[in-house]
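**Q** A predicted structure for the sequence below; I have some questions about it.
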Amino acid sequence: QVQLVESGGGLVQAGGSLRLSCTSSGLTFINYVMGWFRRAPGKEREFVAAIAGSGGNTAYADSVSGRFAITRDSAKKMVYLQMNSLKPDDTAVYYCAVRPGGWYGGPNDRDQEYNYWGQGTQVTVSS
């Protein structure tokens, strides 16, 4: 059984930084993509970033490109999201997700393709 647990959320002032972590267990796939999504109050869930199993391919939403960085520790089966220069618009619940299979051309941002999800961690950015 695949389980994903996010941590690292919290309250931060605009311009500040946070680092989210996602701990996984039960992952037995040879290839898989790990991603971060978020859901802001009153809005639909949206893609934030994704990373391939090898860590060689990454993709970011335009809204976070240049501010956020996704990395992974394949040995520990963990993924991280370093968030810098945070803005109030980044306020959301952030979810870690896993998509079995390899990286494909494009941003790998379709949430319906991600089969496994964590419970989320709240990030609040104050102005």
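**A** Yes, it's here. Quantities reported herein were computed from a predicted structural model and do not represent experimental measurements.
**Q** Now the spatially closest residue to Leu81 that is not a sequence neighbour: phi and psi?
**A** Of all residues beyond its chain neighbours, the one nearest Leu81 is Leu20 (4.2 Å), with distances taken as CB to CB, 6 or more residues apart in numbering. No exception for glycine: its C-beta is placed from N, CA and C like everyone else's. Dihedral pair for Leu20: phi -90, psi 150, per degrees, to the nearest 10.
**Q** ok, Leu20 - how many residues close by?
**A** Neighbourhood size, Leu20 [other CB atoms under 10 Å]: 24.
**Q** Can you name the residues that contact it?
**A** 6-9, 36, 80-81, 83, 94, 96, 121, 123 (CB atoms under 8 Å, 6 or more residues apart in numbering).
**Q** Try it again at 7 Å.
**A** Each residue near Leu20 by CB atoms under 7 Å, 6 or more residues apart in numbering is listed here: 6, 8-9, 80-81, 83, 94, 121.
**Q** Could you give the bridge partners of the spatially most central residue of the chain?
**A** Nearest to the mean C-alpha position of the chain, by CA atoms, centre = their mean, lies Trp36 at 1.8 Å. Trp36 has these beta-bridge partners by DSSP bridges: Ala49, Cys96.
**Q** so it sits right up against Ala49, yeah?
**A** Yes: assessed by CB atoms under 7 Å, Trp36 is found in contact with Ala49 at 5.0 Å.
**Q** what's the overlap in contacts for these two?
**A** In contact with both Trp36 and Ala49: 70, 81, using CB under 7 Å, 6+ apart.
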